[in-house]
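A.B. asks: have a look at this prediction, sequence included:
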Amino acid sequence: MSSATAPRAQPVHFYPPKSTLQFGIRAIAGRFNWARWWSIGITQVLFFGLCWAQWQGRPLVSFDLVRQQVHLLGGLFGPQDLLLLTLLLIGGALALFVTSAVGGRIFCGFVCPQSVYTALFIWIEQQVQGTPGQRQRRQASGATAALWARRLLTWALWALVSLALGWTLTAYFSSGPALWQRTWHGQLGRAEATLMLGYAAFAFAQAGFLREKVCQHMCPYARFQGVMATPQTQSVVYDAPRGEPRRITGQAAARAASTAQPPSRGDCLDCNLCVEVCPAGIDIRNGLQYECISCGLCIDACDRVMDKARQPQGLIRFASQQGADWRHTLRQRRVRVYFALLGLTAMAVVATVAWRVPLQVEVVRDRGVMARQLRNGDVENIYRVHIQNYDTQAHAYRIVLAGDTPLQMPPQQPIRIASGEERTVAVAVVQPYRAEDSAESGRGVAAVMPITFRVQSLVNGQQQRNRSSSFVQPR
């Protein structure tokens with residue numbers, strides 16, 4: 001694709017890369033590598049920092065599976081907020097669809113945890129073992145002891161990073177400061193130790209050894225990404241009309257000159273630097289391939305070579321198969337639909353949070369005392385009212401009977417429940433004695449009367465829940 005000619009559509013190839021990455025990839029500097037490391041830094045600061053952040057004495061982000069509570073950005077959520085969780089998952093999926101339709105697998109190259117931790121582990125490997133060329137020469141020289149010493153040091157550093165990742169993940173399910181105290185004193189619980197060591201082993205294997213194989217064979221996103229992409233999607237492409245035929249350099253150029261072959265006029269120098277820096281080990285010059293994660297490192301490598309050759313940059317760049325620019329890509333119908341659905345989902349999330357009542361109430365009849373008649377003839381039913389306070393502050397609640405009903409409830413003190421706590425109280429409901437009710441009861445007819453309990457906060461009258469039940473008269 002020259003500057004004036006759009007690239008021809010390329011088939012998506014499904015074959016494994018030819019490069020085995022035995023000695024790792026080469027480090028390269030450039031704007032996409034800079035953006036990638038900025039993305040890695042931001043995501044890891046958030047990951048390692050949010051588990052320590054506190055808001056009004058509570059974790060900013062925490063998942064309490066035992067108490068079925070989620071602390072998220074100052075809010076407290078429970079099982080009754082399943083709709084909100086569903087909307088957030090739908091919003092995340094739509095955001096991924098938008099990213100795929102606009103920039104291909106750019107999420108994989110810059111934000112995906114597998115790519116992030118693989119890049120981090122590769123950096124550690126390069127700092128300890130050197131460049132791929134240095135490793136290859138060291139192995140060829142037979143320096144086995146030095147080679148294995150560097151490998152063991154690399155694996156030790158990988159293990160430390162993996163343990164840090166496992167511990168941080170565990171801190172999201174247990175308070176970070178409290179978990180640190182238990183870790184320091186060797187008092188970790190069995191579940192905490194299992195989660196920490198399990199995720200550490202998972203990260204060690206995935207980012208240290210499997211690496212690109214996870215993206216190629218285990219991650220389903222690489223397989224169905226082609227369904228969401230369009231000919232207008234901006235992907236990493238090689239400008240074949242400009243680069244081909246490739247230039248012949250070195251001994252090959254000398255042989256071509258001796259045989260009077262016509263000189264090559266393509267801009268590609270066939271240096272293979274784009275292959276040597278690719279985390280997936282593919283050759284982008286072969287066309288669009290599903291293994292490509294759109295990290296842009298091959299673009300940095302090619303731009304560097306083009307600068308040295310005094311040629312324009314862009315032989316490898318982000319572009320669409322139809323030559324559309326980013327504005328045209330954003331204006332395509334599919335992307336507009338995705339953005340519209342994403343906007344509707346965002347409004348639904350805002351509405352759900354605004355109208356949410358942070359109170360959960362359950363009413364069940366006391367199985368031990370279904371219905372009984374008191375000495376004065378009154379009929380009494382016993383209920384158990386379970387109240388859960390999902391607000392960020394304590395509340396005092398009162399329980400009353402809603403609607404116009406002849407039933408009565410004995411006076412009781414307000415029930416005070418702290419934030420995130422729950423209580424179960426026994427409540428008695430009485431039907432005063434009436435002669436006609438006694439006559440009907442004497443004929444063996446059991447009367448069932450619907451009733452509604454209302455649990456209301458004394459601090460905020462808008463926080464209330466109604467729950468229906470039934471009142472039974474004994475035969």
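C.D. replies: Great, that's in hand.
A.B. asks: can I get stretch 88-104 in CSV? Just the C-alpha atoms.
C.D. replies: Output in CSV follows, covering the C-alpha atoms of stretch 88-104 (Å, rounded to 0.1, in the frame of the first residue of the first chain):
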residue,chain,number,x,y,z
LEU,A,88,-21.6,-3.7,33.7
LEU,A,89,-20.7,-7.0,32.0
ILE,A,90,-22.8,-6.0,29.0
GLY,A,91,-21.0,-2.6,28.9
GLY,A,92,-17.6,-4.3,29.1
ALA,A,93,-18.5,-6.6,26.2
LEU,A,94,-19.8,-3.7,24.1
ALA,A,95,-16.6,-1.7,24.8
LEU,A,96,-14.6,-4.7,23.6
PHE,A,97,-16.7,-4.9,20.4
VAL,A,98,-16.1,-1.2,19.8
THR,A,99,-12.4,-1.6,20.3
SER,A,100,-12.3,-4.6,17.9
ALA,A,101,-14.3,-2.9,15.2
VAL,A,102,-12.1,0.2,15.3
GLY,A,103,-8.6,-1.0,16.2
GLY,A,104,-8.6,-4.7,15.8
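A.B. asks: now it: average pLDDT?
C.D. replies: Confidence for stretch 88-104, expressed as mean pLDDT, is 92.
A.B. asks: hmm, who's touching it?
C.D. replies: 106-107, 225, 228-230, 233-236, 292, 294, 318, 326, 329-330, 332, 334-335, 338-339, 341-342, 345-346, 349 (CB atoms under 8 Å, 6 or more residues apart in numbering). From N, CA and C alone the C-beta is placed, and that goes for glycine too.
A.B. asks: list the buried residues for that stretch?
C.D. replies: 90-91, 94-95, 97-104 (16 or more other CB atoms under 10 Å).
A.B. asks: among the contacts of stretch 88-104, which are located in helices?
C.D. replies: 106-107, 225, 228, 326, 329-330, 334-335, 338-339, 341-342, 345-346, 349 (DSSP state H).
A.B. asks: to be precise, which single item in those residues has the lowest pLDDT?
C.D. replies: Gln225 (73).
A.B. asks: any idea how far that one is from Ala394?
C.D. replies: 49 Å (CB to CB, to the nearest Å).
A.B. asks: comparing those two, which residue is more hemmed in?
C.D. replies: Ranked by neighbour count (other CB atoms under 10 Å), Gln225 and Ala394 place Gln225 first, with 23 against 14.
A.B. asks: list the residues that contact the more buried one.
C.D. replies: Neighbours of Gln225 in contact, by CB under 8 Å, 6+ apart: 100, 104-105, 290.
A.B. asks: returning to what we had before: next, format the buried residues of stretch 88-104 as JSON lines and append distance to Gly186.
C.D. replies: Shown next, in JSON lines, are these (distance: CB to CB, whole Å):
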{"residue": "Ile90", "distance to Gly186": "43"}
{"residue": "Gly91", "distance to Gly186": "42"}
{"residue": "Leu94", "distance to Gly186": "45"}
{"residue": "Ala95", "distance to Gly186": "42"}
{"residue": "Phe97", "distance to Gly186": "46"}
{"residue": "Val98", "distance to Gly186": "47"}
{"residue": "Thr99", "distance to Gly186": "44"}
{"residue": "Ser100", "distance to Gly186": "46"}
{"residue": "Ala101", "distance to Gly186": "50"}
{"residue": "Val102", "distance to Gly186": "50"}
{"residue": "Gly103", "distance to Gly186": "47"}
{"residue": "Gly104", "distance to Gly186": "48"}
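A.B. asks: okay, now the residue lying closest to Leu94 once chain neighbours are set aside: neighbour count?
C.D. replies: Closest residue to Leu94 apart from its sequence neighbours, by CB to CB, 6 or more residues apart in numbering: Leu342 at 4.4 Å. Leu342 is flanked by 18 other residues according to other CB under 10 Å.
A.B. asks: distance check, Leu342 against Gly78.
C.D. replies: Applying CB to CB to Leu342 and Gly78 gives a distance of 26 Å.
A.B. asks: could you do Leu407 as well?
C.D. replies: Counting by CB to CB, the gap from Leu407 to Gly78 is 30 Å.
A.B. asks: more crowded one of the two?
C.D. replies: Taking other CB under 10 Å, Leu407 and Gly78 do not tie; Gly78 has more neighbours (19 against 15).
A.B. asks: verify the stated contact: the more buried one with Tyr390.
C.D. replies: Yes: using CB atoms under 8 Å, Gly78 is in contact with Tyr390, at 5.0 Å.
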